[in-house]
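K.L.:
next one to model:
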Amino acid sequence: MYRPTLLAGAAFLAAGAAHAAAGIEVNQLGFLPAAQKLAVVPAGANDRFKVVDAASGKAVFEGTLGPAATWDASGEAVRIADFSGLRTAGAYRVAVSGQPDSPVFTIGADAYRALDVGAIRAYTLQRASIALDARIAGPYARPLGHPDDKVLVHESAASGTRPAGTVIKSPKGWYDAGDYNKYIVNSGISTYTLLAAYEHFPAWFDKLALNVPETGNGVPDILNEVLWNLDWMATMQDPEDGGVYHKLTNKSFDGMVMPDRATAPRYVVQKTTAAALDFAAVMATASRVLAPFDTKAPGRSQRYLAASERAWRWAVNNPAALYRQPADIRTGTYGDEKVDDEFSWAASELYIATGKDEYRTRALAAAPGVQTEPGWADVRPLGWISLAQQRARLKKPDDADEARRQILAAADKLLARWQASPARLSLAKSDFVWGSNAVVLNQAMMLVQAYRLTHKADYLNAAQSALDYTLGRNPLGMSYVTGFGAHPAMHPHHRPSEADGIAAPVPGWLVGGPNPGQQDAKDCRVAYASKLPALSYLDIACSYASNEVAINWNAPLVYVAAALQSLER
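P.N.:
Residues are numbered from 1 along each chain as shown. As a prediction, this is how the structure comes out:
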């Protein structure tokens with residue numbers, strides 16, 4: 001995922017560091033009428049706050065700030081303003097004497113519709129092997145890049161029927177992140193999360209018009225978008241033995257150029273256990289979610305399931321084929337030294353799909369400890385989500401009980417953090433890692449599962465806080481989603497956004513967020529302003545460690561926005 005690239009000249013120096021902390025922190029998009037509504041206010045002498053009409057300045061709500069406390073992740077002494085009782089639609093600001101007013105936010109019935117559309121359309125604008133015209137992409141129209149119709153089999157992926165240098169076709173799919181490569185492991189969690197979003201909230205997505213190239217074909221647009229990537233994933237399976245190539249990549253990262261200018265040879269690299277199992281899990285899920293639309297593509301679901309079982313068998317026969325970067329390949333690795341969680345997830349999806357006992361045992365195997373959220377290297381919770389959701393389909397419905405227990409254990413741990421946090425966040429200080437914004441949204445996705453199982457309001461409130469954080473309720477006072485909010489990220493590490501000649505970045509992308517690891521410090525000639533976890537961020541294109549975009553980070557943004565819209569009480 002990371003890709004150090006030295007940028008020529010001083011253009012990126014003018015991009016500046018992260019937006020300065022902006023006093024009162026609030027979700028800069030807004031809230032659904034019945035949602036919990038919190039703002040974070042710098043601690044000071046004033047005990048009272050107001051919410052004022054943005055146009056008239058008239059106070060419409062008043063309240064007392066919560067007690068002051070210091071958030072260890074930022075060093076801030078803060079107080080919470082709770083204005084959940086305000087439900088009237090409109091545009092507002094939070095005001096506290098002695099502080100600048102907050103950015104304007106709205107309250108309304110479709111608070112996150114545009115956000116969800118934008119976050120999904122980011123995938124459309126990230127498609128490989130397609131020309132995007134102005135009708136679809138507006139100002140971000142671009143020529144076709146990476147047809148991937150002449151991909152070479154790398155020596156590490158060679159087999160008897162496909163020796164090194166064999167030319168195969170592997171078009172479509174999404175560019176993984178700020179680069180132009182495609183990775184099965186990261187596609188796995190990304191594609192699953194979007195499929196789960198549709199499966200859990202079909203009524204929301206059935207009416208969500210996205211203007212993708214396939215719009216109007218009788219398939220919901222979010223599934224049309226997912227199918228673009230599923231079509232690519234299917235080409236990554238070796239038809240001879242069922243194994244799955246780990247990635248499709250150049251030997252080195254491309255420069256900061258548009259896709260059609262990136263013409264280096266492309267390779268499929270090494271078959272791995274992780275890739276086979278992620279593929280198996282996603283294809284089994286897709287066979288279930290897309291079955292109602294088989295009339296549009298007869299036999300598709302059956303093909304997905306057959307491909308899933310073949311990948312599973314390959315993984316069982318090759319349980320320790322871990323990714324090892326070849327000497328001549330220098331792109332992202334997505335290496336994973338433990339694949340028990342991938343076996344668990346794939347087995348869960350295949351057990352749901354087939355009811356076979358061979359999958360049941362591994363699907364129900366005990367998990368080590370409490371895992372609070374999924375990530376590309378820790379996918380076991382995805383199986384829990386599916387088992388809990390599909391309880392009625394299981395041959396033995398009680399088999400979902402352990403998944404329910406694990407989800408609630410994770411959610412309760414997150415809820416306790418949220419309740420104790422001075423900033424009202426489930427993020428622990430240790431969660432500020434590469435892609436910290438995705439960590440908090442994946443936590444929110446787990447909290448949503450707990451709410452769906454129990455209807456306990458605080459689970460949903462904690463999920464709301466996670467979205468609030470990414471949209472401006474953070475110490476930098478910025479929205480981490482390009483194109484959304486009063487102070488959005490403007491300079492993501494994203495090749496099209498840098499190379500297209502348009503001042504504004506491609507909209508709808510969640511940037512990685514604060515990361516005290518600062519792994520890109522050697523490549524950026526602008527220093528991070530702080531090493532405090534929640535402040536360690538650069539809004540500069542060279543900052544691949546804090547400001548890159550990635551398909552797996554956007555997926556929980558899509559999911560959580562849809563969940564909050566669909567589950568409003």
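
K.L.:
look up how far Val117 lies from Thr354.
P.N.:
To Val117, Thr354 is 35 Å away according to Cβ to Cβ, to the nearest Å. Quick note: C-beta positions are derived from backbone N, CA and C, even for glycine.

K.L.:
higher neighbour count, these two?
P.N.:
Between Thr354 and Val117, Val117 has the larger neighbour count (other Cβ atoms under 10 Å), namely 20 against 17.

K.L.:
quick check: pLDDT value at the more buried one.
P.N.:
pLDDT recorded at Val117 is 98.

K.L.:
so it sits in a helix?
P.N.:
Yes. Under DSSP: H, G, I helix; E, B strand; the rest coil, Val117 sits within a helix.

K.L.:
wait, isn't it in contact with Leu210?
P.N.:
Yes. If you go by Cβ atoms under 8 Å, Val117 and Leu210 touch, sitting 5.9 Å apart.

K.L.:
quick one, phi/psi of the closest residue to Glu240 other than its chain neighbours?
P.N.:
Distance criterion Cβ to Cβ, 6 or more residues apart in numbering; nearest residue to Glu240, sequence neighbours excluded, is Thr161 at 4.6 Å. Dihedral pair for Thr161: phi -90, psi -20, per degrees, to the nearest 10.

K.L.:
again with Pro147
P.N.:
According to degrees, to the nearest 10, Pro147 has phi -60, psi -30.

K.L.:
the one 3 residues further on now?
P.N.:
Dihedral angles of Lys150 (phi, psi; degrees, to the nearest 10) stand at phi -140, psi 70.

K.L.:
same check on Tyr92?
P.N.:
phi -140, psi 170.

K.L.:
tell me, how many residues neighbour it?
P.N.:
Tyr92 - counted by other Cβ under 10 Å - has 26 other residues nearby.

K.L.:
what pairs with it across the strands?
P.N.:
In this entry, Tyr92 is beta-bridged to Asp53, Phe105, by DSSP bridges.

K.L.:
against Ser56, how distant is it?
P.N.:
For Tyr92 relative to Ser56 (Cβ to Cβ), the value is 11 Å.

K.L.:
what's the answer for Ala438, then?
P.N.:
39 Å.

K.L.:
more crowded one of those two?
P.N.:
Set side by side, Ala438 and Ser56 show more neighbours around Ala438, with 27 against 8, by other Cβ under 10 Å.

K.L.:
so who does that one touch?
P.N.:
375, 510, 512-513, 550, 552-553, 556 (Cβ atoms under 8 Å, 6 or more residues apart in numbering).

K.L.:
nearest residue to Leu290 in space, please, no chain neighbours.
P.N.:
Using Cβ to Cβ, 6+ apart, the closest residue to Leu290 is Ser301 (5.7 Å).

K.L.:
flag every buried residue along the host helix or strand of the one you found.
P.N.:
Element membership for Ser301, per DSSP states H and E: helix 300-317. Residues of helix 300-317 classed as buried: 300-301, 304-305, 307-312, 314-315 (neighbour count, 16 or more other Cβ atoms under 10 Å).

K.L.:
same check, this time on stretch 227-239
P.N.:
Here stretch 227-239 shows 227-230, 232-238 as buried, counting by 16+ other Cβ under 10 Å.

K.L.:
dump the residues you listed to TSV, plus secondary structure.
P.N.:
Output for the buried residues of stretch 227-239, formatted as TSV (three-state DSSP):
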residue	secondary structure
Leu227	helix
Trp228	helix
Asn229	helix
Leu230	helix
Trp232	helix
Met233	helix
Ala234	helix
Thr235	helix
Met236	coil
Gln237	strand
Asp238	coil
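
K.L.:
how many neighbouring residues does Ala365 have?
P.N.:
Residues near Ala365, counting by other Cβ under 10 Å: 15.

K.L.:
gap between the helix or strand where Pro496 lies and the chain center?
P.N.:
According to DSSP H and E, Pro496 maps onto helix 495-499. Offset of helix 495-499 from its chain centre (Cα atoms, centre = their mean, to the nearest Å): 20 Å.

K.L.:
just the C-alpha atoms of that helix, please, in CSV.
P.N.:
C-alpha atoms of helix 495-499 as CSV (Å, rounded to 0.1, in the frame of the first residue of the first chain):
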residue,chain,number,x,y,z
ARG,A,495,-1.6,9.8,-8.4
PRO,A,496,-4.7,10.9,-10.3
SER,A,497,-5.4,13.7,-7.8
GLU,A,498,-1.8,15.0,-8.2
ALA,A,499,-1.5,14.5,-12.0
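
K.L.:
contacts for it?
P.N.:
125, 140, 142, 178-180, 254, 256-259, 261-262, 482, 491, 505-506, 509, 541.

K.L.:
helix or strand: which one has Ala561?
P.N.:
helix 551-567.

K.L.:
which other helices and strands contact that helix?
P.N.:
Using 3 or more Cβ pairs under 8 Å, 6 or more residues apart in numbering; DSSP states H and E, the elements in contact with helix 551-567 are helix 113-124, helix 184-200, helix 202-206, helix 436-454, helix 457-470.

K.L.:
give the rounded mean pLDDT of the last one.
P.N.:
Confidence for helix 457-470, expressed as mean pLDDT, is 98.

K.L.:
for stretch 336-347, same thing?
P.N.:
97.

K.L.:
same deal with stretch 231-240?
P.N.:
Stretch 231-240 comes out at a mean pLDDT of 98.

K.L.:
so what's the spatially closest residue to Ala291 that is not a sequence neighbour up against?
P.N.:
Of all residues not flanking Ala291 in the chain, Ser301 sits nearest, at 4.5 Å (Cβ to Cβ, 6+ apart). For Ser301, the contacting residues are 286-288, 290-291, 294, by Cβ under 8 Å, 6+ apart.

K.L.:
from the residues you listed, keep the buried residues only.
P.N.:
Buried among the contacts of Ser301 (16+ other Cβ under 10 Å): 286-288, 290.

K.L.:
closest one of those residues to Glu199?
P.N.:
Closest to Glu199 out of these is Arg288 (7.7 Å), distances taken as Cβ to Cβ.
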